[in-house]
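Peer 1: give me a model of this one.
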Amino acid sequence: MAVDPVTGTDSTSTSGIYSTPPTRTPKQSLDSEAFMQLLVTQLRNQDPSSPMDTNQMISQTTQLAMMEKLTSLDSTNQESFALQMRTSAAALIGHTVSYLDKNGDTQTGLASSVSYAGPVPIVSVGDQKINLDSILGVVTPATTA
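Peer 2: Residues are numbered from 1 along each chain as shown. The predicted model follows:
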């Protein structure tokens, strides 16, 4: 009879810490942790009589650093785009904007407020709530003399 080292019970029993074996959800993308695990596994399982080429190891480490920087750059770009959308939406307040209504007709109105509750800012035009990416055009307000 085999004894489970974690629970101290035989492997045919369903009692113990887990009633069913735990499942690991696979990652949908490779990150630096997965890359490093692959590199460490490769180093552990290499043939001692012919070790890994140093140039190849440096190349892989460089690729890891590049991947981390690209991931960081992607995150920064997404934050920058979100900030640009917020700034653009706020700049619409007081301007006349045009948009398509539910029937597909072009409507115009004065943008009075902006909501940042969702992923895309929502501009209030009269009693309508319009997504920023649905606005077709903007007219500069007339200056008063």
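Peer 1: alpha carbons only for contacts and neighbour counts from here, please
Peer 2: Will do.
Peer 1: gap between stretch 46-66 and the chain center?
Peer 2: Its chain's C-alpha centre and that of stretch 46-66 lie 30 Å apart, by CA atoms, centre = their mean, to the nearest Å.
Peer 1: dihedrals phi and psi, Val138?
Peer 2: phi -140, psi 140 (degrees, to the nearest 10).
Peer 1: just the pLDDT for it.
Peer 2: Listed pLDDT for Val138 reads 91.
Peer 1: for the chain, what spans make up the helices?
Peer 2: Ranges of helices within the chain are 32-44, 54-91, based on DSSP state H.
Peer 1: of all these, which one is nearest Tyr99?
Peer 2: helix 54-91 (13.8 Å; CA to CA).
Peer 1: buried set for that closest one?
Peer 2: Across helix 54-91, burial judged by 16 or more other CA atoms under 10 Å covers 64, 67, 85-86, 89-90.
Peer 1: between the helices of the chain, which gets nearest to Ala111?
Peer 2: When the helices of the chain are ranked by proximity to Ala111 (CA to CA), helix 54-91 comes first, at 9.4 Å.
Peer 1: many thanks, I have nothing further to ask.
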